[in-house]
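Engineer: Got a sequence here, can you build the structure:
(one chain, ligands or ions: 1)
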Amino acid sequence: MEPERVTSASAPGKVILFGEHAVVYGEPSLSLALDRRIHVQARRAQTTSVNGEPLDPQRHAYIDRAIDLASDHGAVALTTRSELPSSGGVGSSAALSVAVVAAVGSLSGRVVGPEGIARRAFEAEYATQGSASPNDTSVAAAGGAVLLAPALRADQEFLWRIGKGERAWAVHRVHLPELPLVVVNTGSRSRTTEQVARVRRFIERNAFGRDVIAEIGRVTMEGVEALKDGDLRRTGSLMTRNHELLHMLGVDSPQLSRLCDLARRVPGTYGAKLTGAGGGGSLIVLTEDRDAVLAAVAKEGVTSFAAKASRTGVEVTG
Ligand code: PMV
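Structural biologist: As a prediction, the model looks like this:
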């Protein structure tokens, strides 16, 4: 008898340094893959299951769609393990979609390479959320620092282009120095679908909302320049500006805003902003004194860690 084939894949979480929400409307975004990952194992089975339980299309919406887009439609048993906080902001759903597409695709002999995986995982995210940019799934597939832009940028390393409807995003790799960042996870659950829908309603009704989106795009490109110049002070104040613009879009929360203020008051801090969909989830702090920031937020009952970037995108074994 042939030994049972098991495939394994993993993909990193991420932080968005600049540009969340605006990237859904074609503005640029800059993100960094983290050294915390989601691991998935896949093997053939009689019925599809996740961690020993039958797949529930509602509870396991991302997984369900990712399997559909990657498999040859045979049933699979999946085991998942996450090193990421699940309450949002650090790309756990994208890392999961990417790792599932990679593990199941490999089992079916269908999906090859980070670009093919990124495309299918984006389709899974888009179908689940009703709207999305390919930001999170591209970062989870590519690893490192990734810039999405509405058109190809000659000054950056081009990776791939992903389109949806009338929009297209050119995905680039950016070479950044190690950044002294702290991630603070509020523990308050953030639902990306709801936050994206909230911003859509706001900008459909308000020309001001559309101006805010465009301004986030400008701040993002200034941020890319500041990082290229190694100017952390400017990068931090642009991050803080980005947070204010997200606040105007309605995706801040009293807790996020209080924690950002607290972190900004720590000597050595350059700036702080929410990261990801907002409304809860996480914030990032750019600071020379990570220990002092970690100590300052420790009293607030949140989970925080010194972020380490990772160049490793999706990995498939077997
Ligand atoms: O909170 P997260 O990790 O799901 O990030 C969402 C990022 C958004 O820009 C709000 C949505 C998107 O698809 O780009």
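
Engineer: Tell me the residues on the stretch 151-300 of the chain that lie near the ligand, please.
Structural biologist: 190, 192, 196, 276-277, 281 (CB under 6 Å from any ligand atom). For glycine as for every other residue, the C-beta is placed from the backbone atoms N, C-alpha and C.

Engineer: For those residues, pick the one with the most neighbours.
Structural biologist: When these are compared by neighbour count (other CB atoms under 10 Å), Gly276 ends up highest, at 29 neighbours.

Engineer: Where does this protein get nearest to the ligand, residue-wise?
Structural biologist: Closest residue of the chain to the ligand, CB to the nearest ligand atom: Gly276 (2.7 Å).

Engineer: quick one: pLDDT of the closest residue to that residue other than its chain neighbours?
Structural biologist: Distance criterion CB to CB, 6 or more residues apart in numbering; nearest residue to Gly276, sequence neighbours excluded, is Gly89 at 3.4 Å. As predicted, Gly89 sits at a pLDDT of 87.

Engineer: Am I right that Gly89 falls within a helix?
Structural biologist: No: read with DSSP: H, G, I helix; E, B strand; the rest coil, Gly89 is coil and lies in no helix.

Engineer: So it sits against Val302, correct?
Structural biologist: No: assessed by CB atoms under 8 Å, Gly89 is found out of contact with Val302, at 11.7 Å.

Engineer: ok, these two, which is more surrounded?
Structural biologist: Shown here are Gly89 and Val302; by other CB under 10 Å, Gly89 has more neighbours (32 against 17).

Engineer: what separates that one from Phe18, distance-wise?
Structural biologist: 14 Å (CB to CB, to the nearest Å).

Engineer: do Thr303 as well
Structural biologist: According to CB to CB, Thr303 and Phe18 sit 23 Å apart.

Engineer: Those two: which is more packed in?
Structural biologist: Between Thr303 and Phe18, counting by other CB under 10 Å, Phe18 is the more crowded of the two (29 against 14).

Engineer: what's near enough to touch the more buried one?
Structural biologist: Phe18 is in contact with 28-30, 216, 219-220, 223-224, 238-239, 242, counting by CB atoms under 8 Å, 6 or more residues apart in numbering.

Engineer: redo that, cut-off 10 Å
Structural biologist: The contact partners of Phe18, by CB atoms under 10 Å, 6 or more residues apart in numbering, come to 27-31, 147, 216-217, 219-224, 226-227, 235, 238-239, 241-242, 273, 275.

Engineer: cool, and Cys260?
Structural biologist: With contact set as CB under 10 Å, 6+ apart, Cys260 has these partners: 184, 239-240, 243-244, 247, 252, 269, 271-274, 283-285.

Engineer: So His73 is in contact with Ser108, correct?
Structural biologist: Yes: the criterion here is CB atoms under 10 Å, and His73 meets it with Ser108 at 8.5 Å.

Engineer: Need the residues touching each of the two.
Structural biologist: Common contact partners of His73 and Ser108 (CB under 10 Å, 6+ apart): Ile67.

Engineer: among the contacts of Cys260, which ones are buried?
Structural biologist: Applying 16 or more other CB atoms under 10 Å to the contacts of Cys260, the neighbour count classes 184, 239-240, 243, 247, 252, 269, 271-274, 283-285 as buried.

Engineer: Rebuild the residues of the stretch 151-300 of the chain next to the ligand as a markdown table, extending it with distance to Asn206, secondary structure and pLDDT.
Structural biologist: A markdown table is the format used below for those (distance: CB to CB, whole Å; DSSP: H, G, I helix; E, B strand; the rest coil; pLDDT from 0 to 100):
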| residue | distance to Asn206 | secondary structure | pLDDT |
| --- | --- | --- | --- |
| Ser190 | 22 | coil | 81 |
| Thr192 | 21 | helix | 90 |
| Val196 | 16 | helix | 94 |
| Gly276 | 23 | coil | 96 |
| Ala277 | 19 | coil | 95 |
| Gly281 | 24 | coil | 94 |
